[in-house]
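Engineer: this one's structure only:
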């Protein structure tokens with residue numbers, strides 16, 4: 001494995017599999033208090049449900065849909081020191097169904113960040129290259145938002161919370177004048193309306209004037225990721241349409257992989 005400052009990756013990211021019970025369901029064994037939890041049913045067709053500590057437990061958004069954030073008092077009801085607690089909500093805890101949860105450690109409910117044009121609340125783990133950012137939009141093109149990472153993020157996944165909007169994804173391989181949408185199978189799009197055509201810096205990322213990332217009066221969330229040697233990696237590769245496909249070197253054994261082609265094809269999560 002390549003040199004890394006992280007001795008145990010499970011201190012910052014962990015996958016927890018569980019079976020629903022249709023009632024109060026406390027999940028432990030994550031290894032830390034998660035600040036961002038992504039839940040998906042494995043045995044049945046259901047939505048992807050995303051929760052984080054900055055917005056607060058019970059506040060759900062769906063990565064496969066455009067619906068606004070909603071409050072689900074029977075979904076993920078609390079983050080604990082070693083996991084999380086679920087209520088009876090069917091999308092996260094139907095009795096007998098099997099589920100996967102992916103859990104990241106940031107820094108709790110976050111703190112104020114006034115570095116950018118738009119004030120933000122940031123929960124950041126600089127060791128693991130991950131931050132949760134919430135902010136209010138103005139609708140003005142080219143506003144900057146503080147992310148707290150101390151290095152430029154390689155990938156940003158963002159959306160409006162208080163309105164019906166697509167997700168917007170920045171990836172360093174695409175650049176800031178292109179974007180892809182998390183909740184569709186669509187190809188990459190060329191536009192500065194999402195990321196302003198300005199690459200993220202060590203302290204801020206820039207948003208355009210599209211309502212998905214900078215609606216006037218909109219509240220927004222952005223999940224920011226930076227590569228950490230031996231722990232996380234963000235890049236691109238060329239497919240060959242062969243059973244003997246390309247080898248993608250990461251320098252470590254991946255525990256969570258997201259793949260999306262530049263063309264019209266589904267997202268793949270492994």
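Structural biologist: Received it, and whenever you're ready, just let me know what you need. Model, not experiment: these values are computed from the prediction.
Engineer: use CA for all of it now, contacts and neighbours both
Structural biologist: Noted.
Engineer: Same question for stretch 198-205: list its buried residues.
Structural biologist: Within stretch 198-205, the residues that qualify as buried by neighbour count (16 or more other CA atoms under 10 Å) are 198-201, 203-205.
Engineer: would you turn the residues you listed into TSV with distance to residue 14?
Structural biologist: Output for these, formatted as TSV (distance: CA to CA, whole Å):
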residue	distance to residue 14
198	32
199	29
200	27
201	28
203	27
204	27
205	27
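Engineer: Including secondary structure and distance to residue 36, could the residues you listed go into a markdown table?
Structural biologist: Output for the buried residues of stretch 198-205, formatted as a markdown table (DSSP: H, G, I helix; E, B strand; the rest coil; distance: CA to CA, whole Å):
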| residue | secondary structure | distance to residue 36 |
| --- | --- | --- |
| 198 | coil | 27 |
| 199 | coil | 25 |
| 200 | coil | 22 |
| 201 | coil | 23 |
| 203 | coil | 21 |
| 204 | strand | 21 |
| 205 | strand | 20 |
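Engineer: and these, which two are the farthest apart?
Structural biologist: 198 and 203 (12.9 Å; CA to CA).
Engineer: So which residues of this structure form helices?
Structural biologist: Per DSSP state H, the chain carries helices over the ranges 90-93, 211-214.
Engineer: So which of the ones you listed has the densest surroundings on average?
Structural biologist: Greatest average neighbour count among the helices of the chain goes to helix 211-214 (a mean of 28), per mean count of other CA atoms under 10 Å.
Engineer: pLDDT on stretch 189-205, on average?
Structural biologist: pLDDT averaged over stretch 189-205 equals 98, rounded to a whole number.
Engineer: just stretch 81-91 next, same as before
Structural biologist: pLDDT averaged over stretch 81-91 equals 97, rounded to a whole number.
Engineer: chain center to that stretch, what's the gap?
Structural biologist: Counting by CA atoms, centre = their mean, to the nearest Å, stretch 81-91 is centred 19 Å from the centre of its parent chain.
Engineer: Between the two ends of that stretch, how far is it?
Structural biologist: For stretch 81-91, the first-to-last residue distance is 23 Å (CA to CA, to the nearest Å).
Engineer: Quick check: buried residues in it?
Structural biologist: Buried residues in stretch 81-91 (16+ other CA under 10 Å): 83-91.
Engineer: between the helices of the chain, which gets nearest to residue 19?
Structural biologist: Once the helices of the chain are compared by CA to CA, helix 90-93 is nearest, at 7.4 Å.
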